[in-house]
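[1] can you look at this prediction? I've put the sequence above it.
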Amino acid sequence: MKKLLLSTLLVSLCLSSFAQDNTEKEATGYKFTDVKRLPVTCVKSQDNTGTCWSWSTLSFFEAEMIRAGKDSVSLAPMYIVWNTYDYKAEKYVRMHGNINFAQGGAFADVLWAFRERGLMPLEAYKGLSYGEDKHRHGELEAILKAYVGAVVENENGRLSSSWRKGLDGVLDAYLGEKPNEFTFNGKKYTPRSFADNVVGLNPDDYVCLTSYTHHPFYTKFAIEVEDNWLGEFNYNLPLDELMDVLDKAIDKGYSFAWGADVSERGFSRKHGIAVSLDKKAIAKTIEGYDKMSNSEKNEAIYSLKTIQPEITVTQELRQEGFDNYETTDDHGMHIMGKAVDQNGNKYFIVKNSWGDYGDYEGYIYVSYPYVAYKTMNVMINKNALSKELRKKLGI
């Protein structure tokens, strides 16, 4: 998941207090009424980096802390990024360069770091040690990629004992040295003790779900995308069961991390709306459509000035999108609520990591058809699943 966007970094600690009257905007024909909105920490920004996977998963964990009755805490995404790059480099070298090495990652990367390296609060580790006030990782990624490439291609016939020190030196120079100990709310912690005693979540409670037919349902498999370098396993459900889990999860008070394709024309960043429109049905209602240029056709269909019909998403259509590279592993976000439009159509409310941009100040209303069609996978607390489904999956 590697979508990039430059926007303002928000580091203040807060709970979402998005007022109901702010959900009605005149810029489009869509007016939303929130059905349920779960408490979350404030919207932040990944800035000019491909680290959405870290920001979205930690936003989800922050919400899980609130759901469990713990104090609201903003966690440090760049602490996860430091540790993930470190481990990814080791695996890249062991695999002789035959895995993806880039900014992108998956929800499982954060879970791995949580288990193996602990967690830190954002106030203790901001990851800005290279003369910038916003996260910009183009130079860092290029240097790290060249570095591990040189390690793999070296002509010495064996690895030196210092290549890891050099790698960690680059990470320290850009993101900052990781403190072995820090103070939080007047108490001293290590990343491990902070994860165990303050965050207090059980990593074994979290599972990833998806829905594809090239693997048997009710089994688990590693999704075949480049950023899944860690081999994250996902439990495979029929599409209708996956959507039922997600719909009921919000009702039960469980939010979830959402990995999806956001390259579709129906995903409007400006207006904070994502819909999978039925272009053929809409075209029949537009006078002179056949005489329009392609750009004029797209503008007419995706103007969002009125609510338009959406496609019927089937298991076959979803699979076709994945197989044909039409559904791509773009972006990680955090689904934390449900809403309806004025016609009663259902939407999930998504907290993004691009700052407080757009009509809904960093939030997006995503239609159920869009989620059904363009979801790559989700990470969710296994307790959000029914007992029957958990038994069927062996979890």
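    Here it is on my side, so go on. Residues are numbered from 1 along each chain as shown.
[2] all helices of this protein, in order?
    52-67, 77-94, 107-117, 138-153, 163-175, 191-194, 239-252, 279-283, 294-301, 315-323, 368-374, 387-393 (DSSP state H).
[3] could I get these in TSV, plus columns for mean neighbour count?
    Where C-beta positions appear, they are placed from N, C-alpha and C, glycine not excepted. Converted to TSV, the helices of the chain look like this (neighbours: other CB atoms under 10 Å):
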stretch	mean neighbour count
helix 52-67	25
helix 77-94	22
helix 107-117	21
helix 138-153	15
helix 163-175	16
helix 191-194	18
helix 239-252	17
helix 279-283	14
helix 294-301	14
helix 315-323	16
helix 368-374	24
helix 387-393	13
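[4] can I get those in a markdown table including mean pLDDT and distance to residue 35?
    Listed next are those as a markdown table, based on pLDDT from 0 to 100; distance: least, CB to CB, whole Å:
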| stretch | mean pLDDT | distance to residue 35 |
| --- | --- | --- |
| helix 52-67 | 98 | 17 |
| helix 77-94 | 97 | 29 |
| helix 107-117 | 97 | 25 |
| helix 138-153 | 96 | 40 |
| helix 163-175 | 97 | 40 |
| helix 191-194 | 98 | 35 |
| helix 239-252 | 98 | 8 |
| helix 279-283 | 93 | 26 |
| helix 294-301 | 91 | 28 |
| helix 315-323 | 98 | 25 |
| helix 368-374 | 98 | 12 |
| helix 387-393 | 97 | 23 |
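[5] adding distance to residue 330 as columns, could you present those in CSV?
    As requested, the helices of the chain are arranged in CSV below (distance: least, CB to CB, whole Å):
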stretch, distance to residue 330
helix 52-67, 9
helix 77-94, 18
helix 107-117, 14
helix 138-153, 17
helix 163-175, 24
helix 191-194, 30
helix 239-252, 18
helix 279-283, 20
helix 294-301, 19
helix 315-323, 13
helix 368-374, 9
helix 387-393, 27
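[6] how much space separates the nearest residue to residue 29 once chain neighbours are set aside from residue 287?
    Nearest residue to residue 29 in three dimensions, chain neighbours excluded: residue 306, at 4.1 Å (CB to CB, 6 or more residues apart in numbering). Applying CB to CB, to the nearest Å, the value for residue 306 to residue 287 is 14 Å.
[7] higher neighbour count, the two?
    The neighbour comparison of residue 306 against residue 287 (other CB atoms under 10 Å) goes to residue 306, with 10 against 7.
[8] does the more buried one touch residue 31 like I think?
    No. Counting by CB atoms under 8 Å, residue 306 sits too far from residue 31 to count as a contact (11.4 Å).
[9] so, low pLDDT: which residues of the stretch 201-350 of the chain?
    For the stretch 201-350 of the chain, no stretch has pLDDT under 70.
[10] that one: strands as residue ranges?
    206-210, 220-222, 233-236, 256-260, 267-268, 273-274, 331-341, 346-351 (DSSP state E, counting those that start in this stretch).
[11] pick the most buried one from those.
    Of all the strands of the stretch 201-350 of the chain, strand 256-260 has the most neighbours on average by mean count of other CB atoms under 10 Å, namely a mean of 27.
[12] just the angle between that strand and strand 206-210, please?
    30 degrees (axes from the mean of the first three to the mean of the last three CA atoms, to 10 degrees).
[13] contacting residues for residue 56?
    1, 107, 257-258, 332-334, 353 (CB atoms under 8 Å, 6 or more residues apart in numbering).
[14] in the sheet, who's paired with residue 354?
    residue 45 (DSSP bridges).
[15] look up how far residue 248 lies from it.
    28 Å.
[16] for residue 338, see how far away the nearest residue to residue 368 once chain neighbours are set aside is.
    Distance criterion CB to CB, 6+ apart; nearest residue to residue 368, sequence neighbours excluded, is residue 346 at 4.8 Å. Distance of residue 346 to residue 338, given as CB to CB: 7 Å.
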